[in-house]
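**Student:** Structure, please.
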Amino acid sequence: MKELLRTTNPILIPFVTALLEGEDIPCFPMDVHMSTLEGSIGILPRRLMVRDKDLFRARAILRDNDVDWEG
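**Tutor:** Residues are numbered from 1 along each chain as shown. Modelled structure (predicted):
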């Protein structure tokens, strides 16, 4: 698995997940339950992972949809 993006934006992970699933690219959100540890203030970034072989296509999809995946 490779990290596709890392963000503190709570809306970005579900949006990108929907984009990838629409293109049949499976993805896995990580660190989604970290808000329990941080007190729900949103300072810890969440990550979205994809398979190694899907990374190039996933980045192309993000570029095509103007998603700032590089930070």
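
**Student:** Which residues are in contact with the residue nearest in space to the middle of the chain?
**Tutor:** Central residue of the chain (CA atoms, centre = their mean): residue 48, 3.2 Å from the mean position. Counting by CB atoms under 8 Å, 6 or more residues apart in numbering, residue 48 makes contact with 3, 4, 5, 6, 13, 16, 17, 27, 28, 29, 30. C-beta: built from backbone N, CA, C; applies to glycine.

**Student:** bridging residues for the nearest residue to the first one once chain neighbours are set aside?
**Tutor:** Right, the one you point to is residue 3. Using CB to CB, 6 or more residues apart in numbering and skipping residues adjacent in sequence, the residue nearest residue 3 is residue 47, 5.3 Å away. Counting by DSSP bridges, residue 47 forms beta bridges with residue 6, residue 30.

**Student:** Residue 31 is in contact with residue 47, correct?
**Tutor:** Yes: if you go by CB atoms under 8 Å, residue 47 and residue 31 touch, sitting 5.6 Å apart.

**Student:** Residue ranges in this structure under the pLDDT threshold?
**Tutor:** For the chain, applying pLDDT under 70 flags the ranges 34-42, 69-71.
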